[in-house]
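Trainee: model the structure of this input:
(one chain, ligands or ions: 1)
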Amino acid sequence: MCLDPAAEAQRAMVRGMPLAELHAHLGGSVAPPTMWTLLHRQGLANLPKDYWSFEKAITVSPEEGVADLAAYDRIFHLTERIQSSPMAMELSVHDTIGGAYRHGVECLELRYNPMKRNLHGTHPLDLDHIIMASSRGLDTALLEYPQMRAGLILMMDRTFDYELNAIIVQKALRYRDRGIVGIDVAGPPQAGFSYRTLAPLIEEARQVGLGITIHTGEEGSIDDVWEVVEYLHPQRIGHGILSAHDQQLMDRLVRDDIVLEICPTSNLLTHAVRDLSELRWILHRLRAHGVRFTINTDGPEMLCTSLRREYDLLLSEGMLDDDSVRTCNTLAHEVSFVRGG
Ligand SMILES: [Zn+2]
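Mentor: Residues are numbered from 1 along each chain as shown. Have a look, this model is predicted:
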């Protein structure tokens, strides 16, 4: 095999950097063997009996991807079900932090929706128990991996009504001294949903020092991104790739110093971007307009990737050079909601 010395040097550079991952869903971040163990400990019925078919069911094929974001959401529905207990949450968070460290990540933000960890409403689990369990998993992992900085982000959901989302924010406020560092809005698109209605909840979280990141601009309308920017004033936006199509919006992101969390492999495998050439165009547009962005996995285990592999991909495809890789990673450390960097 003929190795390209320049490519090898780039890979070595990425391996030498302590990485920061700001956008990883807990539902996509736990190694399949751990999820298999959890499935059995939870005693869930009507799921695959063979490990390999189970692994296939909770991962996205690197060759084929998924049909669309709705299919991607259905995989999360399954992993959320398996993570629906205090025991499962503690082990999931713990396992993810150790796994990230072994892949070169030293700063990690993990996000999840606590109300999607109660068997989707079929089992009345107490949210406090779920959140406290995730904090315990965080605490014990940080004892074992003291080089890590890590924190948890609680996600509201576009399919929830205002009252349910308000409860999630109240929990984030209550547990902000137990490792909750920020809030987010995610979930499948919902007809009639309006980001601006959540502005009072976002303000409440901001007032106590929680970080604000919002999923938008991955699919749907560019007007959503405008609405988020105008009414929610986040420090960061999850994905936001549609912004590359709107020069005024990119100017506004620069003016308001909003950082995008780009997830290359996720966008390719869900077909949120058409192909590598569209991704290349998006990153080029963002850089040309001075929009700052970080590189992330969205969920390394579900997408069969790692943050190192994301950087390797962008380097090998010539979408980022050595300097811009360092810039993205340094920025991720700087804008992390986890203190102590
Ligand atoms: Zn996401």
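
Trainee: strands along this structure, start to end?
Mentor: 19-25, 105-112, 149-157, 180-186, 211-216, 236-239, 259-262, 293-295 (DSSP state E).

Trainee: nearest to residue 204, of the ones you listed?
Mentor: Nearest to residue 204, of all the strands of the chain, is strand 180-186, at 9.5 Å by Cβ to Cβ. (Each C-beta comes from the backbone N, C-alpha and C, glycine too.)

Trainee: let me know the angle separating that closest one from strand 211-216.
Mentor: In terms of direction (axes from the mean of the first three to the mean of the last three Cα atoms, to 10 degrees), strand 180-186 departs from strand 211-216 by 20 degrees.

Trainee: average pLDDT across strand 180-186?
Mentor: The pLDDT scores in strand 180-186 average 98.

Trainee: elements contacting it?
Mentor: Counting contacts by 3 or more Cβ pairs under 8 Å, 6 or more residues apart in numbering; DSSP states H and E, strand 180-186 packs against strand 105-112, strand 149-157, helix 162-174, helix 199-207, strand 211-216.

Trainee: tilt between that strand and strand 19-25?
Mentor: Using the same axes, to 10 degrees: strand 180-186 against strand 19-25 is 50 degrees.

Trainee: before we move on, back to that, output the strands of the chain as TSV; include the columns distance to residue 286 and mean neighbour count.
Mentor: Below are these laid out as TSV (distance: least, Cβ to Cβ, whole Å; neighbours: other Cβ atoms under 10 Å):
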stretch	distance to residue 286	mean neighbour count
strand 19-25	15	27
strand 105-112	21	25
strand 149-157	23	25
strand 180-186	21	26
strand 211-216	15	26
strand 236-239	12	26
strand 259-262	7	24
strand 293-295	6	26
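
Trainee: the residue nearest to residue 324 when sequence neighbours are not counted: how many residues sit nearby?
Mentor: Spatial nearest neighbour of residue 324, chain neighbours left out: residue 287 (7.1 Å); criterion: Cβ to Cβ, 6 or more residues apart in numbering. Residue 287: 16 surrounding residues under other Cβ atoms under 10 Å.

Trainee: what about residue 252, neighbour count?
Mentor: 17.

Trainee: who are the neighbours in contact with it?
Mentor: Contact partners of residue 252, counting by Cβ atoms under 8 Å, 6 or more residues apart in numbering, are 226, 229.

Trainee: wouldn't residue 328 be in contact with residue 296 here?
Mentor: No: taking contacts as Cβ atoms under 8 Å, residue 328 lies outside contact range of residue 296: 9.7 Å.

Trainee: and the two? Which one has more around it.
Mentor: residue 296 (27 against 23).
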